[in-house]
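[1] the following comprises the amino acid sequence and a computationally predicted model.
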Amino acid sequence: MSNLAILISGRGSNLGAIVRAIDEGRLRARIAVVISNRSDASGLELARARGIPTAVLPHRDYESRQAFDAALVATLRSHDVRLVCLAGFMRQIGPTFCDAFPMAILNIHPSLLPAFPGLDAQRVALEHGAKVTGATVHFVTPELDAGPIVMQTAVPVEEGDTVESLSARILVQEHRLYPEAIRRVLEDEWRIVGRRVVFGPAPARV
C-alpha cells in the first residue's frame with residue numbers, strides 16, 4: 001500500500017475525489033498526510049474528519065522558497081511518502097523539492113497543457129476562443145506546468161460558457177482523471193522518453 005501526500009491550499013475537492021477512489025477500491029493507496037500552506041484551507045477539515053494526519057506550513061513563515069521547500073521535504077519524509085500529489089496547491093515548486101522527489105510529484109491543471117499554463121487557465125481559454133480545453137495530470141518540474149504529461153481529458157467549450165460554468169465541467173473531469181492517473185503511476189510500468197510518459201514495459205534489448 002503506497003503512501004501518498006496531498007498538498008492543498010483551499011477546499012480540497014480533488015483531495016475528496018482521491019479519498020473516494022480509495023474508499024471505493026479504485027485506488028490502492030493510503031493518504032499518509034495532507035499538507036497546506038494555509039491554515040484556513042477547508043480541505044484540512046475534510047482530512048481531519050477522516051482521521052488523516054495534517055500539517056500546516058505557512059509559506060510566509062520562511063525566508064525563501066528554498067527554505068519552505070526544505071520544510072515540506074522534511075515533513076514528507078517523516079511520513080514515508082512515495083508519491084506527492086498537488087491538489088490546488090497554490091505555490092510553485094522549486095528545485096529543492098523536485099530533486100528530493102524526482103518524477104514522484106504529480107499536479108492536475110485545468111487545461112490541455114502545454115496550452116494555457118499558470119493561473120486562470122479557464123478564463124484564458126475563453127479569452128482565446130478555444131473550442132476545446134480540458135484537464136492534464138503531469139509530473140512536476142521546477143518549470144511551471146511544464147513536466148511530462150501523464151494523462152489528459154478534453155472538455156468542449158460550449159457557446160455561452162462563463163469561467164464558472166467551464167470550470168465546473170472541467171472539475172468533474174478532474175475528479176475522474178486524477179485518481180486514475182495516480183493509480184497508473186503507482187501500479188503500471190512506465191518510463192520517461194524525452195518529454196513523454198510511456199506506459200508499458202520497456203522494449204527488450206537485442
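    Looks like it came in fine. None of these values were measured; they are calculated from a predicted model.

[2] first to last residue in stretch 181-193, what's the distance?
    18 Å (Cα to Cα, to the nearest Å).

[3] ok, residues contacting that stretch?
    Residues outside stretch 181-193 that contact it (Cβ atoms under 8 Å, 6 or more residues apart in numbering) are 2, 4, 18, 21, 26-29, 82-83, 85, 103, 106, 108, 137, 148, 150-151, 197-202. (C-beta placed from N, C-alpha, C; glycine too.)

[4] buried residues, it. List them.
    181-185, 190 (16 or more other Cβ atoms under 10 Å).

[5] can you give me the distance of Gly16 to Ile31?
    11 Å (Cβ to Cβ, to the nearest Å).

[6] neighbour count: the two, which is higher?
    Ile31 (22 against 16; other Cβ atoms under 10 Å).

[7] number of nearby residues for the residue nearest to Ala130 when sequence neighbours are not counted?
    In this structure, Ala130 finds its nearest non-sequential neighbour in Val157, 5.6 Å apart by Cβ to Cβ, 6 or more residues apart in numbering. Using other Cβ under 10 Å, Val157 has 20 other residues around it.

[8] please apply the same query to the one 10 residues further on.
    By other Cβ under 10 Å, 17 other residues sit near Ser167.

[9] please report the distance of it from Glu24.
    Computed as Cβ to Cβ, the Ser167 to Glu24 distance reads 25 Å.

[10] start and end of stretch 138-148, how far apart?
    6 Å.

[11] work out the gap between it and the centre of the chain.
    10 Å (Cα atoms, centre = their mean, to the nearest Å).

[12] tell me the mean pLDDT over it?
    Average pLDDT, stretch 138-148: 96.

[13] so for the longest helix along the chain, mean pLDDT?
    Scanning the chain for the longest helix, with DSSP state H as the assignment, gives helix 163-187. Taken as a whole, helix 163-187 has a mean pLDDT of 98.

[14] C-terminal to that helix, what's the next element?
    The helix or strand immediately downstream of helix 163-187 is strand 190-193, counting by DSSP states H and E.

[15] I'd guess Asn3 is in a strand, am I close?
    Yes. Counting by DSSP: H, G, I helix; E, B strand; the rest coil, Asn3 is located in a strand.

[16] tally up the residues packed near it, please.
    15.

[17] skipping its backbone neighbours, what lies nearest the residue most central in space within the chain in space?
    Nearest to the mean C-alpha position of the chain, counting by Cα atoms, centre = their mean, stands Asn107 at 2.4 Å. Leaving aside its chain neighbours, Asn107 sits nearest to Leu86 (4.2 Å; criterion: Cβ to Cβ, 6+ apart).

[18] partners of the one you found in the sheet?
    Beta-bridge partners recorded for Leu86 (DSSP bridges): Leu7, Asn107.

[19] that one - how many residues pack around it?
    Leu86: 20 neighbours (other Cβ under 10 Å).
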